[in-house]
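[1] Sharing a sequence plus its predicted fold:
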Amino acid sequence: MSPTATVHVLNHPLIQHKLTLMREKDRSTSGFRRLLNEIGMLMAYELTRDMPTQPIEIETPLEKTMGRVIDGKKTVLVPILRAGLGLVEGMLEVVPGARVGHIGLYRDPKTLAAVEYYFKMPDHIDERDAIVLDPMLATGHSAVAAVTRLKAVRPRSIRFACLLAAPEGMAHFHSVHPGVPVFTCAVDRCLNDHGYILPGLGDAGDRIFGTK
């Protein structure tokens, strides 16, 4: 991994508790989705910790005073379709002014390479801070492809957020994008022969949408 690469492991007890429940193989689709939404909200607090604020004057019931507010409209959430959609709702609960872009990728089952089929971003992307969302950073192919595509439209900054990361995926991601920080709830042991994270939680998209 590049010496300039940054990985933030979000080890808040509530995040770790909910992640453990999500890993259980018998967790229902609705339960998995609810927990993912809750983790998304908690992750948003960490991802926006250093978000810039600006002073404004307000009037309380007693007097005028100065306060500070963020400009959520300068943030764009960029889920990688389809599993990345599972993190959007929770994050919008915390940053409701954020815009949402979409990157559609699928993984070629033979080569494991990411293939793009959809890309749409909000206007004035060069003025926005982008947070790319995907529950799993496994091989890293999708994450690399998404960030490479996003860099072409030059957002103000880029961060990558996921539930789980594999060491192999992080190494690959940061070999291509060493300056893009990764925020993850856990770094798991390794990948299996099919490119799934171990111990992991299975296919996040299937578990979110109940397709398997």
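    Yep, it's here.
[2] Contacts for the longest strand seen in the chain, please.
    Secondary structure of the chain read by DSSP state E shows that its longest strand is strand 157-165. Contact partners of strand 157-165, identified using Cβ atoms under 8 Å, 6 or more residues apart in numbering, comprise 7, 19, 22, 36, 39, 43, 47, 87, 129-137, 143, 147, 150-151, 173, 177, 180-188, 197, 200-201, 204. No exception for glycine: its C-beta is placed from N, CA and C like everyone else's.
[3] What's the PyMOL line that selects buried ones from those?
    This is how PyMOL selects the buried members of the contacts of strand 157-165, with burial counted by 16 or more other Cβ atoms under 10 Å:
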select buried, resi 7+19+22+36+39+43+47+87+129+130+131+132+133+134+135+136+137+143+147+150+173+177+180+181+182+183+184+185+186+187+188+197+200+201+204
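[4] Can you give me the neighbour number for residue 16?
    If you count neighbours by other Cβ atoms under 10 Å, residue 16 ends up with 15.
[5] Use 39 as the first number from now on
    In the new numbering, first residue 39, that becomes residue 54.
[6] That one sits in which helix or strand?
    Per DSSP states H and E: residue 54 is located in helix 51-61.
[7] After that helix, which helix or strand is next?
    helix 67-85.
[8] name the helices or strands packed onto the next helix or strand after that next one?
    Sequence-wise, the next helix or strand downstream of helix 67-85 (DSSP H and E) is strand 91-97. The contact analysis (3 or more Cβ pairs under 8 Å, 6 or more residues apart in numbering; DSSP states H and E) places strand 91-97 against strand 102-108.
[9] what comes up buried for the strand it packs on?
    The neighbour-count check on strand 102-108 (16+ other Cβ under 10 Å) flags nothing as buried.
[10] so the helix or strand that it is followed by versus strand 195-203, what angle?
    Where DSSP H and E defines the elements, the next helix or strand beyond strand 102-108 is strand 113-119. Orientation check (axes from the mean of the first three to the mean of the last three Cα atoms, to 10 degrees): strand 113-119 against strand 195-203 gives 40 degrees.
[11] ok so, going back, for the longest strand of the chain, which strands pair with it and how are they oriented?
    Within its sheet, strand 195-203 is paired with strand 167-171 (parallel), strand 174-175 (parallel), strand 220-225 (parallel), according to DSSP bridges.
[12] Distance to residue 198 and mean pLDDT for the ones you listed - can I get that in TSV?
    Formatted as TSV, the strands paired with strand 195-203 follow (distance: least, Cβ to Cβ, whole Å; pLDDT from 0 to 100):
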stretch	distance to residue 198	mean pLDDT
strand 167-171	5	96
strand 174-175	7	96
strand 220-225	5	96
